[in-house]
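Engineer: Quick one, structure for this:
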Amino acid sequence: DVIDEVLGYMYDENLDPQDMPIVKYIIENLVKPTLDEERETAFAVGRYVEPAPGADGEFKAGEANAVCNGYLTQLCDIKRGGNAQGVNFLFDGKTLGTGSQLVTDIETIVDSVSKHYKKKKMFIHCDPDLVLKYSRAYRDKYPNTKNQDGEKVTVDYTNLTFGPVEGMRGTGALIITPKENFRHLMSRDPRNQKLRMATQDYTAKVYGEWREGVGFWLAEAIFAYIPDELL
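Structural biologist: Coordinates of the predicted model:
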């Protein structure tokens, strides 16, 4: 029964490896989710590395973090280079505190946003760990205040809402900018992008092409806290 109903369906000897349901299952449930995770990290902290041939003269696939310069990497480069572009680096040279001090420090940072942007509803794109620390610190500082919005965490009396970004986890950084200022360039019609498969020496090989990039339009509309440890 197992062979007829499960294995016989997933691994059909009458099909090429590229056409077997088990291969398609692996791609959809293992490969693509992993690519999505690596892609999100690359967009944040990736550092582009020019492909180079190996000792055998053949080019090999690079690491996911080597395909582009992430938006956090770009800001680190700008800060390291003297900030001729004019990005607003907030709380510069300081370290965020813990407990109630963290709540105060975050308020100090958001209060430093230019008056031209204070009325705009923006996200504080940041390390997810930072949101957790802030939420717990706020709970301890104001134990009688209940979070009516569930997982939505805002900074009191502002239009700013925390937007945790998994790719920034562990960095301790945060970026505030209007959504219109963030640029995500990608293939013309990404919905029609398809993976192609081929069988070579009884190995199913998967091919795909796409292009994506991230960045910002205006440096003056970026308000960022970049810990010194990232530089």
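Engineer: where exactly do the helices run in this structure?
Structural biologist: 2, 8-10, 21-26, 32-45, 71-80, 100-111, 128-141 (DSSP state H).
Engineer: where's T95 relative to A84, distance?
Structural biologist: For T95, the distance to A84 (Cβ to Cβ, to the nearest Å) stands at 25 Å. C-beta here means a position set from N, CA and C on the backbone, and glycine is covered the same way.
Engineer: Neighbour count: these two, which is higher?
Structural biologist: T95 (11 against 8; other Cβ atoms under 10 Å).
Engineer: which residues touch the residue lying closest to that one once chain neighbours are set aside?
Structural biologist: Distance criterion Cβ to Cβ, 6 or more residues apart in numbering; nearest residue to T95, sequence neighbours excluded, is P227 at 7.0 Å. Shown in contact with P227 (Cβ atoms under 8 Å, 6 or more residues apart in numbering): 95-96, 171-173.
Engineer: need the helix or strand of the protein with the lowest average pLDDT.
Structural biologist: In the chain, no helix or strand scores lower on mean pLDDT, DSSP states H and E than helix 2, which sits at a mean of 61.
Engineer: tell me the phi and psi of the residue nearest to T95?
Structural biologist: When quoted as degrees, to the nearest 10, the phi and psi of P227 stand at phi -60, psi 150.
Engineer: and the nearest residue to E38 once chain neighbours are set aside, how many neighbours does it have?
Structural biologist: In this structure, E38 finds its nearest non-sequential neighbour in A64, 3.6 Å apart by Cβ to Cβ, 6+ apart. For A64, the neighbour count with other Cβ under 10 Å is 16.
Engineer: confidence score at A64?
Structural biologist: You'll see A64 listed with a pLDDT of 84.
Engineer: how far away is it from R183?
Structural biologist: The gap separating A64 from R183 is 20 Å, by Cβ to Cβ.
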